[in-house]
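*Asks:* When you get a sec, could you give me coordinates for this:
(2 chains)
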Amino acid sequence: KAGVTQTPRYLIKTRGQQVTLSCSPISGHRSVSWYQQTPGQGLQFLFEYFSETQRNKGNFPGRFSGRQFSNSRSEMNVSTLELGDSALYLCASRPVGIHKDRRNTEAFFGQGTRLTVV
Amino acid sequence: DQQVKQNSPSLSVQEGRISILNCDYTNSMFDYFLWYKKYPAEGPTFLISISSIKDKNEDGRFTVFLNKSAKHLSLHIVPSQPGDSAVYFCAAHLYILTGGGNKLTFGTGTQLKVEL
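*Replies:* Residues are numbered from 1 along each chain as shown, chains lettered A, B, ... in the order given. Reported below is the predicted structural model:
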């Protein structure tokens, strides 16, 4: 069974540009969450999608957005990039989305996309 | 507002000895706590979890202890092995009633180094 796949693995962008990152969850998983990892800040929650709907959102500016497709694949977009957006962006999937279910507590992570803004 | 804290950025332990990683939290609504292990250039991988209604969970060399009154949990690794050298993240799970969904809040991580 394939794991969570994130593309691209590495990306270099210039300030002011926009970027789109992609995530394919584990087959059968319907919930996708996005996290930002920066040195000293741990993993900061960006948002969660289930059934093509954003369920939860972290404390990030509106420049960060996402969406989920009917096949559960998800994309994350960052517009007007700033130097501080340089980070490792991680995607995680879960089996189900909205049920209070033991299986939902564990999230399976992809390898991440390393974004560098110059 | 850092709801999950790992106050030790690094820990060094000798091979064969016990590694103890600590985590504190502030939100009493968290219902599960999880530990993840992360190697460089890889995503975090799940290690072990514990329900908020339990005080101990064991899986092989890994044991997690939960002290709800102190809002504190710890991960014990016995015996420690060089392959355990990685960053360990503590995470707390919350089920969001409004709209459904789940949220994991992570600590800042502890770099464990197991020396020969």
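*Asks:* Show me where chain B has its strands.
*Replies:* Taking DSSP state E as the criterion, chain B carries its strands at B:4-5, B:10-14, B:19-25, B:32-38, B:45-51, B:56-59, B:62-67, B:72-77, B:86-95, B:102-106, B:110-115.
*Asks:* swap in chain A?
*Replies:* So, for chain A - with DSSP E - the strands run A:5-7, A:10-13, A:19-24, A:31-38, A:42-50, A:53-57, A:64-68, A:74-78, A:87-94, A:108-109, A:113-117.
*Asks:* For residue B:13, which of those strands is the nearest?
*Replies:* strand A:42-50 (21.4 Å; CB to CB). The C-beta positions use only the backbone N, C-alpha and C, and glycine is treated the same way.
*Asks:* hmm, that closest one in reach of chain B?
*Replies:* Yes: counting by CB under 8 Å from any CB of the partner chain, contacts between strand A:42-50 and chain B involve A:42-45, A:48, A:50.
*Asks:* Which other helices and strands does that strand contact?
*Replies:* Secondary-structure packing of strand A:42-50 (3 or more CB pairs under 8 Å, 6 or more residues apart in numbering or on different chains; DSSP states H and E): strand A:31-38, strand A:53-57, strand A:64-68, strand B:86-95, strand B:102-106.
*Asks:* Just put these in JSON lines and tack on distance to residue A:91, mean neighbour count and mean pLDDT.
*Replies:* Conversion of the helices and strands packed on strand A:42-50 to JSON lines gives the following (distance: least, CB to CB, whole Å; neighbours: other CB atoms under 10 Å in any protein chain shown; pLDDT from 0 to 100):
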{"stretch": "strand A:31-38", "distance to residue A:91": "6", "mean neighbour count": "24", "mean pLDDT": "93"}
{"stretch": "strand A:53-57", "distance to residue A:91": "14", "mean neighbour count": "17", "mean pLDDT": "87"}
{"stretch": "strand A:64-68", "distance to residue A:91": "10", "mean neighbour count": "19", "mean pLDDT": "97"}
{"stretch": "strand B:86-95", "distance to residue A:91": "15", "mean neighbour count": "22", "mean pLDDT": "92"}
{"stretch": "strand B:102-106", "distance to residue A:91": "13", "mean neighbour count": "23", "mean pLDDT": "86"}
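*Asks:* Mind putting the ones you listed into TSV with distance to residue B:15?
*Replies:* Formatted as TSV, those follow (distance: least, CB to CB, whole Å):
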stretch	distance to residue B:15
strand A:31-38	28
strand A:53-57	41
strand A:64-68	42
strand B:86-95	15
strand B:102-106	28
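*Asks:* Paired strands for the helix or strand of chain A with the lowest mean pLDDT, with orientation please.
*Replies:* Across the helices and strands of chain A, the lowest-confidence element by mean pLDDT, DSSP states H and E is strand A:53-57, at a mean of 87. The pairing partners recorded for strand A:53-57 under DSSP bridges are strand A:42-50 (antiparallel).
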